[in-house]
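> Kindly return the folded structure for what I paste below:
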Amino acid sequence: MKESAETGGNIPTNLRLLLVAEEIVRAPGPVTPTEVNQTLGLPKPTIHRLFATLEEGGFIRRDIDGRRYTPGRRLRRMAAGVLSGERLRAARFAILTRLAREIGETCNIAAPDRDAMLYIDRVETAWPLRIQLQVGARVPLYCTASGKMFLSTLSDRHLRGYLASSKRAARTRRSLIEADALMAELMLIRRRGHALDNEEFMEGMVAAAVPVKDKEGRLMSTLSFHAPVQRVAFTEVETHLSLLHAAARELAELVS
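A predicted model of the protein is given here:
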């Protein structure tokens, strides 16, 4: 982006929206137009107009403080679409298929989709007893392994904002809906680098999730498996973590 900063207002008009979106996605957290413009060097009215256009189109959205911006639903869906490209999907499917065979249970890739996790790929277990969660399904953040994995990567400030503003209904008797209990769980996940679901989303289902990270160490998606407790006891879930982490590294290399 150095070249863009040096050329400043000479950035071609048809590239400006894309470059603004790129900087917003690249940032480690919510950003202001001024912060983005430190890289792009566009005229002040121009950068604000570009932000307004992206916000109006649903590509970005205002953060809880009203000043900063984060990727919106359309930008996140574009990212998921890139990850679902045909060549990448073939390689990703091969990794998922092998992982599902090694673990013996259904494996999933999910990406953050505003207030939920969106399933973008999965390989089902061969067992007749299985839990159906289709590609395209959206699941809550606070009571799923993949959702909690994502939440644990947010800054403390954004976690507090999420806990203060989100609506959390108990899906099962084990769901963590109290802010203090959920925050403690997320801090544990942050330290250990994986998330577990002990029948919090669905009675009789356990799960584990690990992050798939980009070259800057930021979460792009999550890799998880889930299983009925009739086959996998909760105490056995963590025995599969080494397989999950190894597959997550392979997935990350596909888009590096």
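> For the stretch 51-200 of the chain, give me the ranges with low pLDDT.
Low-confidence segments of the stretch 51-200 of the chain (pLDDT under 70): 64-65, 80-87, 127-133.
> just the helices in it please.
73-83, 86-103, 145-152, 156-165, 179-192 (DSSP state H, counting those that start in this stretch).
> Is residue 29 part of a helix or strand, or is it coil?
For residue 29, the secondary-structure state derived from DSSP: H, G, I helix; E, B strand; the rest coil is coil.
> that older thread, what's the most buried one of the helices of the stretch 51-200 of the chain?
Highest mean neighbour count among those (mean count of other Cβ atoms under 10 Å): helix 145-152, with a mean of 27. Every C-beta, even on glycine, is put in place using the N, C-alpha and C of the backbone.
> Now for residue 222: which residues touch it?
Neighbour list for residue 222: 109-111, 117, 145-146, 149-150, 209-212 [criterion: Cβ atoms under 8 Å, 6 or more residues apart in numbering].
> what's the domain layout of the chain?
With domains defined by automatic domain parsing, the chain comprises 2-71, 83-254.
> The helices of the stretch 51-200 of the chain: which one's closest to residue 239?
Nearest to residue 239 among these is helix 86-103; the distance by Cβ to Cβ comes to 9.4 Å.
> got a list of contacts for that closest one?
Residues outside helix 86-103 that contact it (Cβ under 8 Å, 6+ apart): 82-83, 106-107, 109, 121-125, 223, 225, 240, 243-244, 247, 250-251, 254-255.
> Out of the contacts of residue 222, flag the one nearest to residue 232.
Residue 232 lies nearest to residue 145 out of those, by Cβ to Cβ, at 12.8 Å.
> In this structure the closest one contacts residue 195, no?
Yes: counting by Cβ atoms under 8 Å, residue 145 does reach residue 195; the two are 4.5 Å apart.
> which residues are common contacts for the two?
Taking Cβ under 8 Å, 6+ apart as the criterion, residue 145 and residue 195 both touch 208-209.
> which stretches of the stretch 151-256 of the chain form strands?
Counting by DSSP state E, counting those that start in this stretch, the stretch 151-256 of the chain has strands at residues 195-198, 205-213, 219-228.
> Just the CA atoms of the first one, as CSV, please.
In other words, strand 195-198. Taking Å, rounded to 0.1, in the frame of the first residue of the first chain, the C-alpha atoms of strand 195-198 are listed here in CSV:
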residue,chain,number,x,y,z
ALA,A,195,-13.1,-23.8,22.2
LEU,A,196,-15.4,-26.6,23.5
ASP,A,197,-19.2,-27.0,23.5
ASN,A,198,-20.5,-29.2,26.3
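> Not counting it itself, show me its contacts.
Contacts of strand 195-198 (Cβ under 8 Å, 6+ apart): 143-146, 148-149, 152, 174, 189, 205-210, 226, 234, 237-238.
> Direction included, what does that strand pair against?
Using DSSP bridges, the strands paired with strand 195-198 are strand 205-213 (antiparallel).
> any residues touching the strand it pairs with, and which ones?
The contact list for strand 205-213 (Cβ under 8 Å, 6+ apart) reads 109-110, 131, 144-146, 148-149, 153, 193-199, 201, 219-229, 232-234, 237-238, 240-241, 244-245, 248, 251-252.
> repeat that with 6 Å
131, 145-146, 149, 194-197, 219-224, 226-227, 229, 232, 234, 237, 244-245, 248, 251-252 (Cβ atoms under 6 Å, 6 or more residues apart in numbering).
> sorry, back to before: looking at the contacts of residue 222, which is nearest residue 10?
residue 111 (34.9 Å).
> Run a quick neighbour tally on the residue lying closest to that closest one once chain neighbours are set aside.
Nearest non-adjacent residue to residue 111, counting by Cβ to Cβ, 6 or more residues apart in numbering: residue 221, 4.5 Å away. A count of nearby residues for residue 221, using other Cβ atoms under 10 Å, gives 30.
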